[in-house]
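>>> my questions are about this predicted structure, shown below with the sequence.
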Amino acid sequence: MINLNSRQKDLIKMMINEVDYKTMSYYSALIKVSPRTLYTDVQKINDYLKDFNIQIEKKPRVGIKLNGSIENRMKAIETSNDKNSCNKEYSSDERQLEIMRLLLVNEKTISYQMLSENFWVSKTSISKDIENIESLLNENTVKIESDKKGTRIVGSESQKQYTLKIYTEELLTKKNIVNEKDFLKYAPIILKEVYPENIVDIIFNEVTNFEKTLNSPLTYYYLKSLIITLIVFIFRLSKMHHIKFKKSFIFEEIKSLETYFIAKSTLENISRRLNIITNNEDIDYLNKQLIAHCIKPEFSCIEQTDMYESIVKEAISEMSQIMNINLKSDKKLYEGLLFHIVPMIYRLHIGIRIENPLLNEIKEQYSVTFNATWYVMSKVSEKLNIILNEDEVAFIMVHFQAGIDRNAQVKKILIVCPTGIGSSELIANKIKRFLPSKDIIEVVPIRKIYENNTKNVDLIISSVELEIKNKPIIYVSPLVSNEDLKNISQIYADIFIDTNKFKLTDIEDKKEFKYINKLIGEDFIFTNCKFKNKEECLTYIIDEFTKKSMINNGFKESIMEREKLGSTSLDSAVAIPHALPSTVKKSVIGIMTLDSCIKWSGKNINTVILICISENDIKNVKNILSEVYDIVESKDKVEKIFKGKSRKEIFDELGGF
């Protein structure tokens, strides 16, 4: 006799009382499975019903109906419920899914005896079920552990959530959910049998909102995976379980800030509706999941954006000038900034502050780009009548930094070697490991250098003397020693990465400051001052600048406002306050050394460098900031340049005019 599972028996019971045809969708909604699964069930049920002279009739585009006498129908039901004729209430697949649910969702400690009694099968069958479940596990999942107390799962929270995702995927697969249409229609019904209904409904709703808000439809794979991931994540949060993970390098972390707002607002919305407690690590985890599932901010029709478009374009133009790289045609940067700035203005106007989780790292590792962004956005804040804070500046910087990275030009590098091609390639491969993979590197003989125009060549590496001018050349030994490789790396960085272009023909022990030396005058250097706090220091310098007519109205206010936005003090015992370009008549740098340290935003400071850059010199912001940060990068360097030095000595040290 064919054995039916509980779902198939339920279908027979429902159809017995129906006199008309009903669609597959009608029954699938009641039983909470897809029509595809029901088609398979109907075939099996019909094989079972042959012995009772009844059958399920299928009529295309109409539905299904159970045909046969009422006596035979009841006999079929009675027989199917008779445990002597049908011991299996569950198929083996259903049984294994139920065991997984007990272990993973309910986190029960179970015994083979208990399972054997519940499912009316032998312990041997249960043992095989556990083996099949274990075959789904790996090093990233939980482990199943058994002892005298019973069988349970063990593992970290990350492993538990990953295993729950595997279980949920398996559940949907066994229910024949194989396409997006079935998933959206029937998965919520199936998943509510396992997870709380409100969590399932909220997650489906949130992911649907992602697609609408971001104007970015997800492929079925990402859609399904993201919904399952979020249901599991929120389900575990509702039980007060949080994932802990190590943060990556800062240059990897800042890439995730584009979606940080989406993650934060999503989690806040969900936690509010479900009354669950979340923390910053939960936001970080959700953010990483959004990125992994290709959720990213895309520009969509935001009302009243016309007024902001010119502002964004102007900001991009200014940053292009400052960073000496053309960002104007970067559509992704333009749309990303517009997408960010519109809600940012709303947040600032109503007083909502969102903390940037990487603010300190950004200020330290991307100090030049961060401060360049502050200069660019200072104009925007004036036009829009908003007060920017450091968190928002850091978020905007991420967009600019991503644009800079995208638009960094590929370098064309020639390796000149007089030896045979074989040895040349050997040398080239050795060198390539020390240069960026994006660069174009070509090995050429000497004659080819002279036969062709080297106008578009960025760098030449040669083991022989060349008669070429106006092109940077790195000379190496014929076999390229380790010292040569270090030299190549250093000079490459100086030429293409460091803003102070490295001169191969003029290496001096003393550092040249080509930009700030033009802004430093002895009249603006104040040494061994006796002030007690930040306010006294700034007031003195500002008064001196005012006497010399270096500033416009609002100068002092802009400096003090900048201090409110966030700390300008550094670990090297230096503070670097700065003013809005619009308040500066002529670019100048003021320097003050103190006879003893004072507290400046929580840090001990003994040197103050006030940066004042006028709008006429905005194009040099990057270079000026780079040189300033080069000076203040360490306490040792600061002490060497400033400690115990007179006004004249500091002036000479920095090469002022």
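Sure thing, it's come through.
>>> ok, Tyr195 to Leu267 distance?
As for Tyr195, its distance to Leu267 is 17 Å (criterion: Cβ to Cβ, to the nearest Å). Using the backbone N, CA and C atoms, a C-beta is placed for each residue, glycine as well.
>>> quick one, which of these two is more surrounded?
Relative neighbour count places Leu267 above the other of Tyr195 and Leu267, with 23 against 18, counting by other Cβ atoms under 10 Å.
>>> pretty sure the more buried one contacts Asn280?
No. Checked against Cβ atoms under 8 Å, the pair Leu267 and Asn280 is beyond contact range at 10.1 Å.
>>> all the strands of this structure, residue numbers only.
Counting by DSSP state E, residue ranges of the strands within the chain are 55-59, 63-67, 143-147, 150-154, 412-416, 440-444, 459-462, 473-475, 525-529, 574-575, 588-600, 603-612.
>>> I'd like to know how many residues surround Gly554.
Applying other Cβ under 10 Å, we find 14 residues neighbouring Gly554.
>>> setting aside sequence neighbours, what's the nearest residue to it?
Counting by Cβ to Cβ, 6 or more residues apart in numbering, Thr583 is the residue found nearest to Gly554 once chain neighbours are left out, at 4.7 Å.
>>> quick one, what contacts Ile283?
For Ile283, the residues meeting the contact criterion (Cβ atoms under 8 Å, 6 or more residues apart in numbering) are 260, 263-264, 267, 357.
>>> separation between the residue nearest to Gly554 and Ile144?
Taking Cβ to Cβ as the measure, Thr583 falls 68 Å from Ile144.
>>> returning to that earlier point: could you dump the strands of the chain into CSV with mean pLDDT, distance to Ile203 and mean neighbour count added?
What follows is those, written out as CSV (pLDDT from 0 to 100; distance: least, Cβ to Cβ, whole Å; neighbours: other Cβ atoms under 10 Å):
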stretch, mean pLDDT, distance to Ile203, mean neighbour count
strand 55-59, 89, 35, 15
strand 63-67, 89, 32, 18
strand 143-147, 91, 28, 13
strand 150-154, 93, 23, 16
strand 412-416, 83, 50, 21
strand 440-444, 76, 47, 15
strand 459-462, 88, 52, 22
strand 473-475, 89, 56, 17
strand 525-529, 92, 60, 18
strand 574-575, 91, 47, 24
strand 588-600, 91, 47, 19
strand 603-612, 90, 44, 22
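>>> adding distance to Asp391, write those strands out as JSON lines.
Formatted as JSON lines, the strands of the chain follow (distance: least, Cβ to Cβ, whole Å):
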{"stretch": "strand 55-59", "distance to Asp391": "62"}
{"stretch": "strand 63-67", "distance to Asp391": "59"}
{"stretch": "strand 143-147", "distance to Asp391": "42"}
{"stretch": "strand 150-154", "distance to Asp391": "40"}
{"stretch": "strand 412-416", "distance to Asp391": "40"}
{"stretch": "strand 440-444", "distance to Asp391": "39"}
{"stretch": "strand 459-462", "distance to Asp391": "39"}
{"stretch": "strand 473-475", "distance to Asp391": "42"}
{"stretch": "strand 525-529", "distance to Asp391": "32"}
{"stretch": "strand 574-575", "distance to Asp391": "20"}
{"stretch": "strand 588-600", "distance to Asp391": "20"}
{"stretch": "strand 603-612", "distance to Asp391": "19"}
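>>> Ser634: which of these is closest?
Minimum separation from Ser634 across the strands of the chain (Cβ to Cβ) falls at strand 574-575, 10.0 Å.
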